[in-house]
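A.B. asks: only geometry, no sequence info:
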Ligand SMILES: CCCCCCCCCCCC(=O)SCCNC(=O)CCNC(=O)[C@H](O)C(C)(C)COP(=O)(O)OP(=O)(O)OC[C@H]1O[C@@H](n2cnc3c(N)ncnc32)[C@H](O)[C@@H]1OP(=O)(O)O
Ligand SMILES: Cc1cc2nc3c(=O)[nH]c(=O)nc-3n(C[C@H](O)[C@H](O)[C@H](O)COP(=O)(O)OP(=O)(O)OC[C@H]3O[C@@H](n4cnc5c(N)ncnc54)[C@H](O)[C@@H]3O)c2cc1C
């Protein structure tokens, strides 16, 4: 083990295993996770060469091979608990996306959430057994955000009791669905339903795409891969053109909306229920965000204690780069953010679970709050995580730019989370829509509960900020959100008072509306982090996590100091105080940085990074990695004899 990293692990101020257990949700969960990871890491079928050396087709082949092995093993091991399956899948793909994500993550949940009993009877088992492999085909070339603008049509034909599906224009072609290109043989297709001459809006239809024996596309189905992307190249994101494809009436998911045999349409109790699976994935994205940032922080912090660079004192050894305050300022707030996002991920998962149960019981009253919260936190966490991965890459200097570091792959695979499942700006505006409605309720004398209580009148007048107190800092974030949300609603009102239409006024305030939503999400994250600490039994864990929560809050204030000052929450002098305490915290947490990343308990296989190796032996591993690169298969590349040699021989 590299002596520097070894020294970093001597005498942490807390019990690393206790924090690992806390992050996992208990000692038994840690043991189970390690057991499942070991099953994968000891399975010779899962051994693989560095993915960076493969082509797009090679990566897809590699991914499909792992999918098949994973499904076989899940059945053989008798894994039925969704938590086990999710942990096993994460171990197989090391957190990377895979061609079955949409089948497992959206197609199956769509069946569970939107299918009738008969439909479940017909589709679920073959889908669970992977005879049916599905995807979620909603986005079209011309529309991803504006769902009501989707052009694919499903015309009901009462004579044959079938729907006829078409993508009538080039912009109607389904574009992006994961697994659609080469993997899926079915899709849930979102289409505008027409029956009895009337458009009844978006509904979900199960469409078979490929022959179950030959996998060849069926008549009327033109399907393929959309080609190489910025990342995510293990997944065959595809396109789908539909030309008069006929499906039985019973292929429309009819748990909520219905089309009777004669074509009569029965409206769903809420027309947003069809959007439920998107909310499920948004909640899942929030709970996964922390894992991505945990990997990036582990790589960059471990590298930062083995990398020595520059010379502060002549003759003295070059310092570890984590000794530089700037390196601490880049990485330690991100480490604190990783822990903060772990707790907000738990919070959103619990919220989704609770509200889904009440929706199943027919109570739709909290759907809006769930949508607004999951949409805002999905945008808030993914924007910060993706930017954080890039910060970690840059903090590793040149070697961070090598695929050997694992950081470019981590960045390009996580970057689309700011776009898919709801483009982040659009999601923040959904949260803003909800917040503006809450302001309206307060104006009508209604008292609010939960995370928006700060909008109630005379929400307690707070003493001046005490930057040493986490509770006081949470109050500061609350006051900032209250001021920003109220301020933007006043801005909207004054636009309307000047005679602007609702639409114009809204568009003129979009930037402020997004900022107000971000401040609301930031408050919810800080509040949740602080509240979670109260439940931590182990005193050593509680102490170190409190320092991280303190750092996260102080750093948030310095990053958005304009908001806090505009809101009157703190003045210049108090801001200086905040920055001073933040700097002190950086140097005190520096010694705990490696143990705090070890607590994530991410194996070298999972990390797939030469720079982030647990033993810190980076340089030999980097050299060995480069030597195996395909370009080094021959000392003289074939292009020399084909092009350069003739050039050098020619008399220029
Ligand atoms: C890590 C694992 C990865 C797992 C692996 C993941 C791999 C990648 C998977 C990616 C899969 C995809 O991208 S699938 C495709 C994802 N696509 C999207 O997310 C599309 C985003 N667009 C939309 O959701 C919609 O178009 C909106 C919300 C932006 C606008 O919809 P709209 O119908 O026009 O609604 P709008 O007028 O704004 O609002 C009308 C009312 O409906 C409410 N409303 C709107 N949506 C919802 C909703 N979902 N649930 C409840 N309520 C809603 C609003 O609050 C509002 O209430 P009130 O104010 O009237 O009370
Ligand atoms: C890797 C990846 C995987 C995907 N997988 C799937 C899948 O499996 N199934 C599926 O159906 N789809 C999938 N998608 C598509 C994805 O859901 C859409 O790309 C996403 O919903 C954004 O829609 P869009 O591409 O039309 O962006 P647009 O909405 O065109 O966004 C472009 C810009 O317009 C702005 N904008 C748009 N509307 C508004 C507004 N009302 N107010 C303010 N600004 C606005 C946005 O903020 C953004 O800056 C995937 C996409 C990617 C990248």
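C.D. replies: Perfect, I can see it now. Predicted model only: the values in this text are computed from it and were never measured. Ligands and ions are numbered 1, 2, ... in the order given.
A.B. asks: What secondary structure category should be reported for residue 236?
C.D. replies: Of the three states, residue 236 takes coil under DSSP: H, G, I helix; E, B strand; the rest coil.
A.B. asks: Residue 264 against residue 158, yeah?
C.D. replies: No. The criterion here is C-beta atoms under 8 Å, and residue 264 misses it with residue 158 at 9.5 Å. Just so you know, the C-beta spots here come from the backbone N, C-alpha and C atoms, and that holds for glycine as well.
A.B. asks: Between those two, tell me which one has more neighbours.
C.D. replies: Counting neighbours by other C-beta atoms under 10 Å for residue 264 and for residue 158 shows that residue 158 has the greater number, 15 against 12.
A.B. asks: Can you report how many residues neighbour the residue nearest to that one when sequence neighbours are not counted?
C.D. replies: The shortest distance from residue 158 to any non-neighbouring residue, by C-beta to C-beta, 6 or more residues apart in numbering, is to residue 263 (4.6 Å). When neighbours are defined as other C-beta under 10 Å, residue 263 has 17 of them.
A.B. asks: OK, contacts around residue 263?
C.D. replies: Contacts for residue 263 were tallied using C-beta atoms under 8 Å, 6 or more residues apart in numbering; they are 156, 158, 195, 196.
A.B. asks: of all these, which comes closest to ligand 1?
C.D. replies: When those are ranked by distance to ligand 1 (C-beta to the nearest ligand atom), residue 195 comes first, at 20.1 Å.
A.B. asks: What's opposite the closest one in the beta bridge?
C.D. replies: According to DSSP bridges, the partner residues bridging residue 195 are residue 198.
A.B. asks: Does the most centrally placed residue in the chain lie in a helix or a strand, and which?
C.D. replies: Centroid-nearest residue in the chain: residue 285, 3.4 Å away (criterion: C-alpha atoms, centre = their mean). Element membership for residue 285 (DSSP states H and E) is helix 276-306.
A.B. asks: For that helix, enumerate the helices and strands it packs against.
C.D. replies: helix 3-8, helix 108-114, helix 325-360, helix 367-394, helix 397-400, helix 407-414, helix 593-598, helix 604-607 (3 or more C-beta pairs under 8 Å, 6 or more residues apart in numbering; DSSP states H and E).
A.B. asks: let's see 6 Å
C.D. replies: helix 3-8, helix 108-114, helix 325-360, helix 367-394, helix 407-414, helix 593-598 (3 or more C-beta pairs under 6 Å, 6 or more residues apart in numbering; DSSP states H and E).
A.B. asks: Just tell me which of these ends up closest to ligand 1.
C.D. replies: Across the helices and strands packed on helix 276-306, closest to ligand 1 is helix 367-394 (C-beta to the nearest ligand atom), at 3.5 Å.
A.B. asks: near ligand 1 at all, the closest one?
C.D. replies: Yes. Residues of helix 367-394 contacting ligand 1 under C-beta under 6 Å from any ligand atom: 367, 368, 371.
A.B. asks: which of the residues you listed are buried?
C.D. replies: With burial judged by 16 or more other C-beta atoms under 10 Å, the buried subset of these is 367, 371.
A.B. asks: between the residues of helix 367-394 next to ligand 1, which is closest to ligand 2?
C.D. replies: For those, the closest approach to ligand 2 (C-beta to the nearest ligand atom) belongs to residue 371, at 14.8 Å.
A.B. asks: What sits closest to the closest one if chain neighbours are left out?
C.D. replies: residue 279 (5.8 Å).
A.B. asks: Would you agree the one you found is in contact with residue 373?
C.D. replies: No. Contact between residue 279 and residue 373 fails when scored by C-beta atoms under 6 Å: they sit 9.5 Å apart.
A.B. asks: The helix or strand harbouring residue 206 to helix 276-306, inter-axis angle?
C.D. replies: Remark: residue 206 resides in strand 198-208, with elements defined by DSSP H and E. Here the directions of strand 198-208 and helix 276-306 differ by 60 degrees (axes from the mean of the first three to the mean of the last three C-alpha atoms, to 10 degrees).
A.B. asks: Can you tell me what sits against the next helix or strand after strand 198-208?
C.D. replies: The first helix or strand that comes after strand 198-208 along the chain, using DSSP H and E, is strand 221-225. For strand 221-225, the surrounding residues in contact (C-beta atoms under 6 Å, 6 or more residues apart in numbering) are 181, 209, 217, 236, 238, 239, 240, 241.
A.B. asks: Where does the first one sit: helix, strand or coil?
C.D. replies: Local secondary structure at residue 181 is given as coil here, using three-state DSSP.
A.B. asks: Tell me the pLDDT of it.
C.D. replies: Each residue has a pLDDT score; the one for residue 181 is 98.
A.B. asks: what do you get for the second one?
C.D. replies: Turning to residue 209, the model gives it a pLDDT of 98.
A.B. asks: That one: neighbour count?
C.D. replies: Number of residues near residue 209 (other C-beta under 10 Å) recorded here: 25.
A.B. asks: cool, the fourth one as well?
C.D. replies: Other residues near residue 236 number 24, with proximity taken as other C-beta under 10 Å.
A.B. asks: Neighbours of the nearest residue to it once chain neighbours are set aside, how many?
C.D. replies: Of all residues not flanking residue 236 in the chain, residue 181 sits nearest, at 3.3 Å (C-beta to C-beta, 6+ apart). Residues near residue 181, counting by other C-beta under 10 Å, number 21.
A.B. asks: From ligand 2, how far off is residue 181?
C.D. replies: Using C-beta to the nearest ligand atom, to the nearest Å, we find residue 181 at a distance of 11 Å from ligand 2.
A.B. asks: pretty sure that residue is in contact with residue 238, am I right?
C.D. replies: Yes. The pair residue 181 and residue 238 qualifies as a contact (C-beta under 6 Å) at a distance of 3.1 Å.
A.B. asks: contacting residues for the nearest residue to the residue nearest to the centre of the chain once chain neighbours are set aside?
C.D. replies: Excluding its sequence neighbours, the residue lying closest to residue 285 (C-beta to C-beta, 6+ apart) is residue 378, at 5.1 Å. Applying C-beta under 6 Å, 6+ apart to residue 378 gives the contacts 282, 285, 286, 427.
A.B. asks: which of those residues has the most neighbours?
C.D. replies: Of those, with other C-beta under 10 Å as the count, residue 286 tops at 28 neighbours.
A.B. asks: Is the residue in the stretch 201-350 of the chain that ligand 2 sits nearest to within a helix or a strand, and which one?
C.D. replies: Residue nearest to ligand 2 within the stretch 201-350 of the chain (C-beta to the nearest ligand atom): residue 232, separated by 4.6 Å. Assigned by DSSP H and E, residue 232 belongs to no helix or strand.
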